[in-house]
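> next comes the sequence, and after it the predicted model I'd like to discuss.
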Amino acid sequence: MGATSPSASGLELTMAVPGLSSSSGSEGFVCNNNNNNTINISSINGNGNMMRDLDMNQPASGGEEEDFLMGSVEEDEEERGAGGPHRPKKLRLSKEQSRLLEESFRLNHTLSPKQKEALAIKLKLRPRQVEVWFQNRRARTKLKHTEMECEYLKRCFGSLTEENRRLQREVEELRAMRVAPPTVLSPHTRQPLPASALSMCPRCERITAAASPRITRPTASPFHPRRPSPAF
DNA sequence: GCCGTCAACTCGGGGG
DNA sequence: CCCCCGAGTTGACGGC
């Protein structure tokens, strides 16, 4: 589904801050990535994670998307914006990053700290970003599953409603028959069977002797084979 | 302009 | 107390 395909067409990640601990407490961190672009991290959020002033996106310069470190960073763009606390520009993971994340998600839906660290280094993301990606990915998976389950239950509800209606009709018909109940003779004794021994075939809607399959059809059950019921 | 997607956030709770 | 997680929310962004 769409979860695996980031719609980034032309926007690529440019942030690269490998090896930053989420509780390092350092500020004003600046580093260069492979494309000689600078990343400026100038503040820390409440959890001790550095979240602000990360310029992560620039329009791709028309190059190959293989390189997940393309693009450039404008320094301090956030700093002059309104003064208040603003989110950094939205990170769009590159195709390669998404692919690798999906791949590791397929192998494992949760990451150990070591795995997280390794993956973060591999992807040139912060461990926190990898962690968030996995959290969101799990949430998306669960949501998708819930939606599928919901659709399935709706279908079940529909078919059960229909069956309920049919059974109600049968009940009505049986009630009507009580006025003049049919006499079914036992094939063994040739005596009339009690009403409790009778039942209605739902398909042909004939009264049959429920307990003995040999009464009306020697080789089969008194009822026709059931329609396949929805599998739970 | 609206809407869907998604990275990143807050909050509360469980486990060690 | 710390770390991690899930749930819910926010806000940037792209597509229409």
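Structure received. Remember, it's a predicted structure, so these values are computed and weren't measured experimentally. Numbers count the residues shown, from 1 in each chain, chains lettered A, B, ... in the order given.
> where does chain A have low pLDDT?
A:1-88, A:180-182, A:194-232 (pLDDT under 70).
> counting by contacts, list what the longest helix along chain A packs against.
Assignment by DSSP state H gives helix A:127-177 as the longest helix of chain A. In terms of contacts (3 or more CB pairs under 8 Å, 6 or more residues apart in numbering; DSSP states H and E), helix A:127-177 is packed against helix A:95-107, helix A:113-123, strand A:198-200. To be clear about C-beta, it is placed using only N, CA and C from the backbone, and glycine gets the same treatment.
> host element of A:His188?
Assigned by DSSP states H and E, A:His188 falls within no helix or strand.
> and it, how many neighbours?
Counted with other CB atoms under 10 Å, the neighbours of A:His188 add up to 10.
> and for A:Arg92?
21.
> does it count as helix, strand or coil?
Three-state call for A:Arg92 (DSSP: H, G, I helix; E, B strand; the rest coil): coil.
> ok, which of the helices and strands packed on helix A:127-177 comes nearest A:Glu163?
Proximity to A:Glu163 (CB to CB) singles out strand A:198-200 among those, at 13.9 Å.
> about what we covered before: report the angle between the longest helix of chain A and helix A:95-107.
60 degrees (axes from the mean of the first three to the mean of the last three CA atoms, to 10 degrees).
> helix A:127-177 and DNA strand B in contact?
Yes: counting by CB under 7 Å from any atom of the strand, contacts between helix A:127-177 and DNA strand B involve A:Arg128, A:Gln129, A:Val132, A:Trp133, A:Gln135, A:Asn136, A:Arg137, A:Arg140.
> quick check: the last one vs A:Lys124, distance?
Same thing as A:Arg140. Distance, A:Arg140 to A:Lys124, using CB to CB, to the nearest Å: 23 Å.
> the closest residue to DNA strand C within chain A: neighbour count?
Using CB to the nearest atom of the strand, the single residue of chain A nearest to DNA strand C is A:Lys89, 3.1 Å away. By the measure other CB under 10 Å, the count of residues near A:Lys89 is 19.
> same deal with A:Pro127?
22.
> next one: A:Thr161 from A:Gln168, what distance?
11 Å.
> also A:Ser186?
From A:Ser186 over to A:Gln168 the distance is 30 Å, taken as CB to CB.
> tally of neighbours for A:Val130?
Neighbour count for A:Val130, taken as other CB under 10 Å: 24.
> for it, which non-adjacent residue is closest in space?
A:Ala120 (4.7 Å; CB to CB, 6 or more residues apart in numbering).
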